[in-house]
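In: 3D model of this:
(4 chains)
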2 protein chains.
Amino acid sequence: MGAGQGTTERILDAASELFAQRGYAATTTRAIAESAGVNEVTLFRRFENKRGVLAALGERFSAQMAGRAVAAAPDSETVRETLLRLARMEIAGTLQNGGLAIRLAFDAKSVPEVAALLGEGIPSNLEGLADYMAEQQGRGELRSDIDPRVLAEAFFGLTSSYVMYRMVMGIGDLPEDVATDEGIEQLFDVFWSGAALGGDGR
Amino acid sequence: MGAGQGTTERILDAASELFAQRGYAATTTRAIAESAGVNEVTLFRRFENKRGVLAALGERFSAQMAGRAVAAAPDSETVRETLLRLARMEIAGTLQNGGLAIRLAFDAKSVPEVAALLGEGIPSNLEGLADYMAEQQGRGELRSDIDPRVLAEAFFGLTSSYVMYRMVMGIGDLPEDVATDEGIEQLFDVFWSGAALGGDGR
DNA sequence: GATGCATGTAAGTGCTCACTTGCATCTTAT
DNA sequence: ATAAGATGCAAGTGAGCACTTACATGCATC
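Out: Numbers count the residues shown, from 1 in each chain, chains lettered A, B, ... in the order given. Okay, here's the model as predicted:
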């Protein structure tokens, strides 16, 4: 095949799946190549080295993530709707690449190149959401007796552990359609009822 | 030193810390030995192999866990108190061994021996808590419009991601005293206000 | 049908890792 | 003092891994 295009994609797909399943360090280049149905040498002709595969994956990843900011909330939406939508996006995005982000977040502590790739992604996401929470507290939409960072942590804690349980630890069923799944709304609702003003008489 | 006793403990302590930080596969026996201030050969004289260290760690671990059931709640406690106490115990226990359990839960998918060690630990914990939640729903202590398993998942999701952020990903400050820490109570309170009956008019 | 390009095959290099072996040293109990 | 047991040290073995090199094959285009 002269289809040099598809080869790169197949390698990245295989790498994404294997990294997510086993982590970066435990995934061999041989396994990636085999899983992509490609010779190992081809992998090294396409990418400078194993780290290069990870880097390319990172670019593809952040391209997908591009539209995922809280900021882009239409005015017509209630805060509850915005956060539920964000939760579904968060879960869908993380599920889509097989829990890759969560897995890599774990690897980051032991694998320097992973840390470099992930960079400030997660902390800054957390901070961004905390800012949003604080803003909504100011507007009286969220209870103010709780640190906004705690609210943000609770939010991401629920979404990330939702994916973690299912993709990494194999606990619980995968949702058929993230956009409409009942269980996700229930889980979100526990958070929301706890975070909204008026929920607890505060 | 003829103190053969302390040596084993020091090796296990070092292994626990390193496994938690880097994961099982990424931790070398050399690093364990060095961190324990012991020759690598000594490690292999004390334990049959690397897996043996993990197994010994597992026994010590489940010994510590022994008293950590929800069931042991005194009658004088409210449900809120019981769950908060459980949350603090959960967090303290997981922090104490440096996020080891969470880290190993991740490794389990790629490292068969880790999976064998962890066994059914986490799923059964989840189920046990779900049973408790269902019971409290029956007594009118918790809102009934949410699947008890979702409540259990939300609970463990918050406690485990609390530890995950701090120990594994290095985000946020470590609590000085888990038993009294304010942040933990706030985080729990988000869950509680969302889970309790009457919190949301349901 | 010749040229170029992507891929496959086979073999190998150098490194790190789990784990071993042989011997010296130190501590403790007798 | 001596014997026994725990530890250290130096060196090595075999396996797996990332990555390389040299060469052959197939598919397009001109």
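In: quick one: which helix or strand includes the closest residue to residue A:106 other than its chain neighbours?
Out: Closest residue to residue A:106 apart from its sequence neighbours, by CB to CB, 6 or more residues apart in numbering or on different chains: residue B:106 at 5.3 Å. C-beta coordinates here come from the backbone N, C-alpha and C atoms, glycine included. Using DSSP states H and E, the element containing residue B:106 is helix B:100-107.
In: how is chain A partitioned into domains?
Out: A:4-57, A:67-195 (automatic domain parsing).
In: does the helix holding residue B:106 reach DNA strand C?
Out: No - contact of helix B:100-107 with DNA strand C (CB under 7 Å from any atom of the strand) is absent, the minimum separation being 12.9 Å.
In: tell me what angle that helix forms with helix A:100-107.
Out: On the basis of axes from the mean of the first three to the mean of the last three CA atoms, to 10 degrees, helix B:100-107 is oriented at 130 degrees to helix A:100-107.
In: CA atoms of helix B:100-107 as CSV?
Out: Presented in CSV, the C-alpha positions along helix B:100-107 are these (Å, rounded to 0.1, in the frame of the first residue of the first chain):
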residue,chain,number,x,y,z
LEU,B,100,-0.8,2.7,47.1
ALA,B,101,-4.2,1.1,46.7
ILE,B,102,-5.3,3.6,44.1
ARG,B,103,-2.0,3.3,42.2
LEU,B,104,-2.2,-0.5,42.3
ALA,B,105,-5.8,-0.5,41.1
PHE,B,106,-4.4,1.2,38.0
ASP,B,107,-1.6,-1.3,37.6
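In: pull the residues that contact the helix or strand just after it.
Out: Counting by DSSP H and E, the next helix or strand C-terminal to helix B:100-107 is helix B:112-118. Residues from elsewhere that reach helix B:112-118, judged by CB atoms under 8 Å, 6 or more residues apart in numbering or on different chains: B:24, B:51, B:54-55, B:58, B:101, B:104-105, B:107-109.
In: near the residue lying closest to residue A:55 once chain neighbours are set aside, how many other residues are there?
Out: In space, residue A:55 comes closest to residue A:117 once its chain neighbours are excluded; the distance is 6.4 Å by CB to CB, 6+ apart. Residues within reach of residue A:117, counting by other CB atoms under 10 Å in any protein chain shown, total 21.
In: go on, residue A:95?
Out: 17.
In: residue A:96 too?
Out: 12.
In: state the pLDDT value of it.
Out: Predicted confidence (pLDDT) for residue A:96: 79.
In: distance-wise, check it relative to residue A:61.
Out: Taking CB to CB, to the nearest Å as the measure, residue A:96 falls 10 Å from residue A:61.
In: residue A:125 too?
Out: Counting by CB to CB, the separation of residue A:125 from residue A:61 is 13 Å.
In: before we move on, what about residue A:176?
Out: Residue A:176 sits at a distance of 24 Å from residue A:61 (criterion: CB to CB).
In: pLDDT below threshold where in chain A?
Out: Chain A contains residues with pLDDT under 70 at A:1-5, A:63-73, A:118-124, A:195, A:197-202.
In: now do the contacts for residue A:61.
Out: A:97, A:100-101.
In: repeat that for residue A:172.
Out: Listed by CB under 8 Å, 6+ apart, the contact partners of residue A:172 are A:165-166, B:149, B:153.
In: cool, and residue A:47?
Out: Contacts for residue A:47 were tallied using CB under 8 Å, 6+ apart; they are A:11, A:53, A:56.
In: any idea how far it lies from DNA strand C?
Out: Distance, residue A:47 to DNA strand C, by CB to the nearest atom of the strand, to the nearest Å: 11 Å.
In: how about the strands in chain A?
Out: With strands called from DSSP state E, chain A shows none.
In: what residues does it put near DNA strand D?
Out: Residues of chain A lying near DNA strand D (CB under 7 Å from any atom of the strand): A:1-2, A:27-30, A:40-41, A:44, A:49-51.
In: can you do 10 Å?
Out: Within chain A, the positions adjacent to DNA strand D are A:1-3, A:24-33, A:39-45, A:47-54, A:113 by CB under 10 Å from any atom of the strand.
In: what about those, which are in helices?
Out: Applying DSSP state H to the residues of chain A next to DNA strand D, the entries found in helices are A:29-33, A:40-45, A:50-54, A:113.
In: out of those residues, which end up buried?
Out: By neighbour count, with 16 or more other CB atoms under 10 Å in any protein chain shown, those hold A:29, A:32-33, A:42-43, A:50-51, A:53-54, A:113 as buried.
In: OK, contacts around the most centrally placed residue in chain A?
Out: Nearest to the geometric centre of chain A sits residue A:94, at 3.6 Å (CA atoms, centre = their mean). With contact taken as CB under 8 Å, 6+ apart, residue A:94 is in contact with A:100-102, A:159-160, A:163, A:167.
In: max pairwise distance over the residues you listed: which two?
Out: Across these, the longest distance by CB to CB is 14.9 Å; it joins A:100 and A:159.
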